[in-house]
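Engineer: Give me a 3D structure for the following:
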Amino acid sequence: MKVAALIVAGGRGVRAAQGDPRPKQYCLLGGQSMLTRAIGAFAGHPRIDTTLVVINPDDSALYDAASSPLAGRLLPPVAGGARRQDSVRAGLEALEPERPDAVLIHDAARPFADSDLIARVIAGLDGHAGALPCLPVADTLKRAEAGRITGTIAREDLWRAQTPQGFKFESILAAHRAAAQDSTLHFTDDAAVAEWFGLDVALVEGSEHNRKLTTAEDLIIANELLRARGAVRVASGYDVHALGPGDAVMLCGVRIPHSKRLVGHSDADVGLHALTDALLGTIADGDIGTHFPPSDDRWRGVASEIFLKEAAARIKARSGEIVHVDVTLLCEAPRIGPYRDAMRSRIAEILGLDVSQVSIKATTNEGLGFVGRGEGIAAMATATVRLP
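Structural biologist: So this is what the prediction gives:
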């Protein structure tokens, strides 16, 4: 069975945007737009053969940005209509040349549809013209008039409808075309169109994760859930530089007066170098030498904060969040204690963190080895990053 996915993203609702002028389906969730997440659930599913999105033509630039990670798997977008049912019909008409056997119609405001849910809806079409994912109503329902409770509604046979809603393609296209002949008909979902047209719609199990995001509070809750469900990665870094003639050392972005200086291709800040490697390690993206080779004269004498900012940018590009960083400096001199707070503040500033997320420690080598003999300074770093 050839299955198409139709994602409806033509709405102009901004209730969830918290001052963001973009429609809610383009608001960010864990670094990705709501629509990107909705598209990904279908375009990457093994049972979905083709995916099409219905958009507002004024949102073309926003759509291009949201769909770019999956552009090769999508049909060109289609302009929606004034009402949701008009947009769905436009999408179905655009899908007709693809000759799908079935179609799953999904709202972009539900970005957390999972693979199992999609599979259940497709399976529900076996022997039925439609399949509707639902969850039982758990709350007590009340009827009210003029601000006063007038009755209690029995909830035993009541269900909360979700999307994607699956249908045999020719049947739901015929239903939408018939509904379009009467301008007084208004439907809130496609199952209602199917019911009106007399199609048999099966009930399948929905998903509590597949929540619809409508308000600003919904977005806040969704972001918190993503953070809680994200993968936490921890990586370490190590660096060492020799000491040579000079009058100051750079450590963790702070210049400290000293009788020597650290020798290196850049400013030889071992603390920031070790931390850069730790951050790159959380996303398995090589090390500082991979991105800033000492053979490249562009990096001669530069401030090491450039390296640290690049590592942070690479994490952000993968929708990651730096949770905590920790640096341990190993040296006999200079004394680190008087500069610890300045170092924490500088690293926090470079990475855009609160200073409470930055730890700096120092220890000597008890006179042992090259550090103990005052020949160099070493640093170890650990970074904790949360990824979607």
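Engineer: in the sheet, who's paired with the closest residue to residue 243 other than its chain neighbours?
Structural biologist: Closest residue to residue 243 apart from its sequence neighbours, by C-beta to C-beta, 6 or more residues apart in numbering: residue 260 at 4.2 Å. All C-beta atoms are positioned from the backbone trio N, CA, C, and that covers glycine. Residues in a beta bridge with residue 260, per DSSP bridges, are residue 245.
Engineer: Please name the residues that touch residue 260.
Structural biologist: Counting by C-beta atoms under 8 Å, 6 or more residues apart in numbering, residue 260 touches 243, 244, 245, 246, 249, 374.
Engineer: would you say residue 166 is within a helix?
Structural biologist: No - counting by DSSP: H, G, I helix; E, B strand; the rest coil, one finds residue 166 to be strand, located in no helix.
Engineer: any idea how far residue 387 is from it?
Structural biologist: Residue 166 is 32 Å from residue 387, where distance means C-beta to C-beta, to the nearest Å.
Engineer: more crowded one of these two?
Structural biologist: residue 166 (32 against 16; other C-beta atoms under 10 Å).
Engineer: Which residues lie in contact with that one in this structure?
Structural biologist: 102, 103, 104, 105, 121, 122, 124, 125, 130, 131, 132.
Engineer: Redo those residues as JSON lines? Include distance to residue 28 and secondary structure.
Structural biologist: Below are these laid out as JSON lines (distance: C-beta to C-beta, whole Å; DSSP: H, G, I helix; E, B strand; the rest coil):
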{"residue": "102", "distance to residue 28": "32", "secondary structure": "strand"}
{"residue": "103", "distance to residue 28": "28", "secondary structure": "strand"}
{"residue": "104", "distance to residue 28": "25", "secondary structure": "strand"}
{"residue": "105", "distance to residue 28": "25", "secondary structure": "strand"}
{"residue": "121", "distance to residue 28": "27", "secondary structure": "helix"}
{"residue": "122", "distance to residue 28": "30", "secondary structure": "helix"}
{"residue": "124", "distance to residue 28": "32", "secondary structure": "helix"}
{"residue": "125", "distance to residue 28": "34", "secondary structure": "coil"}
{"residue": "130", "distance to residue 28": "33", "secondary structure": "strand"}
{"residue": "131", "distance to residue 28": "31", "secondary structure": "strand"}
{"residue": "132", "distance to residue 28": "30", "secondary structure": "strand"}
